[in-house]
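**Q** could you look at this predicted model? Sequence included:
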Amino acid sequence: MVKKIYLDYASTTPVDPKVLKEMLPYFSDKFGNTMSFHDKGAEALEAVEKARIKIANVLNAKPEEIIFTSSATEANNLAIKGIAYANSNRGKHIIISSIEHDSVLNTVNWLKTQGFEITELPVDKNGLVDSKNLEKEIRRNTILVSMIHGNNEIGTIQNIKLLGETCKKNNVFFHTDTSQSFGKIEIDVNKDNIDLLTASSHKIYGPKGVGLLYIKSGIPITPLLHGGGHERNLRSSTLNVPGIIGFAKATEIAWKELKKENKRLIKLRDKLINGILKRISNTKLNGDIKDRLANNVNISFSFIEGESLLLELNLEGIFVSTGSACSSPKLEPSKILMALGRDVEDAHGSIRFSLGRWTTDNDINYVLKVLPEIVKRLRKFSPFKD
Amino acid sequence: MTNVNSYSKKVLEHFRNPHNYGKIKNPSGVGEVGNIVCGDVMYLYIKVAKNNKNREIIKDIKFETYGCAAAIATSSAVTDLVKGKTLEEALKVNKDDVIKTLKGLPSIKIHCSLLAVDALSEAIYSFFIEEKRNIPEDLLKIHERNKKEREFVEEKNASWIEAEKKTSA
């Protein structure tokens, strides 16, 4: 039987059985609407508020600063459009990095059509933003800086504390998308000078369909969804109670196991990186070796194209993803790898392995055993091999 | 959106066990199409010889392809379709024949079948040029289109190609 090795935890994760157990009563038994006056409503509201406190505590935020959303994409949209519209009297200039997730990039691209000005700050060859460059780009009319914390493709971790400090000094709001780092890196919104923060549940063994936006008290923001006035009037919609309960439980587990789990993952990650670079010629690591998510491995394989490698790995029961154009709906290579100054061939031939809670040493051994053969086979057909 | 289920069994078969891959020493013609920027590059080598009826046929054909599963499968399929055929017959093979052989392609990958057919046309074109023959009008048209497309892609991606030259230098 073919093994099944899931190494795509950066795409999504399975719900932890402990999280699922916590959620189950909130589907049929404790099903109330948090806005209802009666006992059933009060029961649901109490559970949601406990969940909010749990999450606020790990971020060192106040519970009322946490707004639950349907996803990290929605949270990024709310942060950026919400700040843009509420603060356009101060200015219409927004700065992002050149390696943002599409939910940030396409949001600011839309804002461009609404009369906002966008600056894309370049990154160095490992994907790091220089805070001095950021400071140079901040203008009198800059209202918001949005920088991804842990990059989803290459795993590079920005020094958000320093970037936040730069924004604070220049009186500009600082938003960070921590979809890949929340629950994996300790974050303190106060010490790290963060005004707005996006996080996602399904990346940390919680359910899909729930995310959050932290908004520092007193920051003017316009809602995207108008209606019954939920979430301090910032996000109307009946609350996804089981989702929120699950998100909080997932957060609790992630924080409790953070240090130990990071240590374990870094060991496996480095074994995979070094194993591939040693066993397979013409390979290179993308992203920073030091400032890197504990679960991210991103490698470019010269002379072959990522989608064919993905398909071969799939046949061997190994599930990963690629930055190649051929597997993207737009047939364009990864913008993130291009932003690092890598050539197109590196982008087409890049594979992301993302490790997680159920990745074992045996899984890594298996990948290191089958991968060299697959690469060798695919390179046989390539016109570029020599 | 394509995923593993987007490909027919036939595409996967050709991808897993491609026919006629590799190079031909001293080929009669070579067709090079595609562009690394787009993620597909095909080299098609042909050896032309006369059959017992004294007609020119594709005696041997081999490919080298950089690209996705569809690119590799269409390369393999086109070699199967034309091996042993006369040049005239080979020039009649079109993208729909390739798609039919593969029992379908995802719509986003249709361009790969065109690429394979273009590579074949270019290989035959290069053979005619080498032999200083007259080029049939249809083939000339295809060649001009391929040339234009190449120029268009190169122009559109001039900065990337420039950057690549620098890194490889």
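**A** Right, received. Where do you want to start? As the structure is a computational prediction, the values presented were derived from the model and not from experiment.
**Q** beta-bridge partners for the residue of the stretch 151-300 of chain A found nearest chain B, please?
**A** Closest approach between the stretch 151-300 of chain A and chain B, counting by CB to the nearest CB: residue A:284, at 11.6 Å. Where you see a C-beta, it was placed from the backbone N, CA and C, and this is true even at glycine. In this structure, residue A:284 bridges to residue A:300 when assessed by DSSP bridges.
**Q** is it true that it touches residue A:273?
**A** No. Applying CB atoms under 8 Å as the test, residue A:284 and residue A:273 come out as separate, 10.5 Å apart.
**Q** before we move on, back to that, so what's the residue of the stretch 151-300 of chain A closest to chain B up against?
**A** Going by CB atoms under 8 Å, 6 or more residues apart in numbering or on different chains, residue A:284 touches A:277, A:299-300, A:346.
**Q** what count of nearby residues applies to residue A:261?
**A** 18 (other CB atoms under 10 Å in any protein chain shown).
**Q** that one: which element?
**A** Assigned by DSSP states H and E, residue A:261 falls within helix A:241-279.
**Q** pLDDT averaged over that helix - what is it?
**A** Taken as a whole, helix A:241-279 has an average pLDDT of 98.
**Q** shared neighbours, residue A:284 and residue A:273?
**A** residue A:299.
**Q** on that earlier part again, and the helix holding residue A:261, what does it pack against?
**A** Using 3 or more CB pairs under 8 Å, 6 or more residues apart in numbering or on different chains; DSSP states H and E, the elements in contact with helix A:241-279 are helix A:17-23, helix A:25-28, helix A:39-59, strand A:66-69, strand A:283-285, strand A:296-301, helix A:361-380.
**Q** strands of chain B, start to end?
**A** B:29-35, B:40-50, B:56-66 (DSSP state E).
**Q** closest to residue A:38 out of those strands?
**A** Within these, the stretch nearest residue A:38 is strand B:40-50; the backing value is 62.5 Å (CB to CB).
**Q** ok, now which ones touch residue A:173?
**A** Contacts of residue A:173 by CB under 8 Å, 6+ apart are A:83, A:87, A:143-145, A:167, A:195-196, A:219.
**Q** run the last query once more with 10 Å
**A** Neighbouring residues of residue A:173 by CB atoms under 10 Å, 6 or more residues apart in numbering or on different chains: A:79, A:83, A:86-87, A:90, A:94, A:142-146, A:167, A:194-196, A:215-216, A:219-221.
**Q** contacts for stretch B:140-151, please.
**A** Contacts of stretch B:140-151 (CB under 10 Å, 6+ apart): B:31-35, B:91, B:115, B:117-122, B:124-126, B:128-129, B:134-136.
**Q** go back to those and keep what's next to chain A.
**A** B:32, B:34-35 (CB under 10 Å from any CB of the partner chain).
**Q** and the residues you listed, which is closest to chain A?
**A** residue B:32 (8.1 Å).
**Q** so, low pLDDT: which residues of the chain?
**A** Here I'm looking at chain A. Low-confidence segments of chain A (pLDDT under 70): A:1, A:325-330, A:386.
**Q** not quite, go with chain B.
**A** Looking at chain B by pLDDT under 70, you get B:1, B:157-169.
**Q** kindly recompute the last result at 80.
**A** Along chain B, segments meeting pLDDT under 80 span B:1, B:37-38, B:153-169.
**Q** quick one: end-to-end length of stretch A:349-364, please.
**A** End-to-end distance of stretch A:349-364 (CA to CA, to the nearest Å): 20 Å.
**Q** mind listing what's buried along it?
**A** Residues of stretch A:349-364 classed as buried: A:349-357, A:359, A:363-364 (neighbour count, 16 or more other CB atoms under 10 Å in any protein chain shown).
**Q** is any residue of it near chain B?
**A** Yes. Against chain B, stretch A:349-364 shows contacts by CB under 10 Å from any CB at residue A:349.
**Q** tell me the secondary structure for whichever residue of the stretch 51-200 of chain A sits closest to chain B?
**A** Of all residues in the stretch 51-200 of chain A, residue A:125 sits closest to chain B, at 11.4 Å by CB to the nearest CB. Applying DSSP: H, G, I helix; E, B strand; the rest coil to residue A:125 yields a three-state assignment of coil.
**Q** now do the contacts for residue A:132.
**A** Applying CB under 10 Å, 6+ apart to residue A:132 gives the contacts A:162, A:166.
**Q** surely it is in a strand?
**A** No. Per three-state DSSP, residue A:132 lies outside any strand segment and is helix.
**Q** count of neighbours near residue A:149?
**A** 26.
**Q** what does it show for phi and psi?
**A** With angles defined as degrees, to the nearest 10, residue A:149 sits at phi -80, psi -70.
**Q** rewinding a little: in JSON lines, list the ones next to chain A among the contacts of stretch B:140-151 along with neighbour count.
**A** Below are those laid out as JSON lines (neighbours: other CB atoms under 10 Å in any protein chain shown):
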{"residue": "B:32", "neighbour count": "17"}
{"residue": "B:34", "neighbour count": "26"}
{"residue": "B:35", "neighbour count": "18"}
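**Q** chain center to stretch B:51-62: distance?
**A** Stretch B:51-62 sits 18 Å away from the centroid of its parent chain (CA atoms, centre = their mean, to the nearest Å).
**Q** skipping adjacent residues, who's closest to residue A:190 in space?
**A** Closest residue in space to residue A:190, ignoring its immediate chain neighbours: residue A:60 at 5.5 Å, by CB to CB, 6 or more residues apart in numbering or on different chains.
**Q** which residues does the one you found contact?
**A** Here residue A:60 is in contact with A:186-192, A:194 (criterion: CB under 10 Å, 6+ apart).
**Q** what does residue A:135 give?
**A** Residues near residue A:135 by CB under 10 Å, 6+ apart: A:163, A:166-167, A:169-170.
**Q** and what of residue A:54?
**A** Taking CB under 10 Å, 6+ apart, we find residue A:54 in contact with A:63, A:66, A:245, A:247-249, A:251-252, A:255.
**Q** give me the buried entries from those.
**A** Buried among the contacts of residue A:54 (16+ other CB under 10 Å): A:66, A:245, A:247-249, A:251-252, A:255.
**Q** now, of the contacts of stretch B:140-151, which are buried?
**A** Those of the contacts of stretch B:140-151 that meet the buried threshold are B:31-35, B:91, B:115, B:117-122, B:124-126, B:128, by 16+ other CB under 10 Å.
**Q** before we move on, back to that, save the contacts of residue A:54 as CSV, and put in distance to residue B:50 too.
**A** Output for the contacts of residue A:54, formatted as CSV (distance: CB to CB, whole Å):
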residue, distance to residue B:50
A:63, 85
A:66, 79
A:245, 78
A:247, 73
A:248, 78
A:249, 76
A:251, 75
A:252, 78
A:255, 77
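**Q** phi, psi for the residue nearest to residue A:92 when sequence neighbours are not counted please.
**A** On the basis of CB to CB, 6+ apart, the spatially nearest residue to residue A:92 that is not a chain neighbour turns out to be residue A:116, at 4.7 Å. The phi/psi pair for residue A:116 (degrees, to the nearest 10) reads phi -90, psi 150.
**Q** same check on the one 5 residues further on?
**A** In terms of degrees, to the nearest 10, the main-chain angles of residue A:121 are phi -80, psi 130.
**Q** what of residue B:8?
**A** phi -70, psi 160.
**Q** could you check how far it is from residue B:100?
**A** Noted for residue B:8: a distance of 11 Å to residue B:100, by CB to CB, to the nearest Å.
**Q** residue A:208 and residue B:21: what is the separation?
**A** For residue A:208, the distance to residue B:21 - CB to CB - is 42 Å.
**Q** with residue A:205 instead?
**A** 43 Å.
**Q** do the same with residue A:240
**A** On the measure of CB to CB, residue A:240 and residue B:21 end up 52 Å apart.
**Q** same question, residue A:360
**A** Taking CB to CB as the measure, residue A:360 falls 36 Å from residue B:21.
**Q** you'd agree residue A:162 is up against residue A:131?
**A** Yes. If you go by CB atoms under 10 Å, residue A:162 and residue A:131 touch, sitting 4.7 Å apart.
**Q** can you turn the buried part of the contacts of residue A:135 into a PyMOL selection?
**A** Those of these that count as buried under 16+ other CB under 10 Å are selected in PyMOL with:
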select buried, chain A and resi 163+166+167
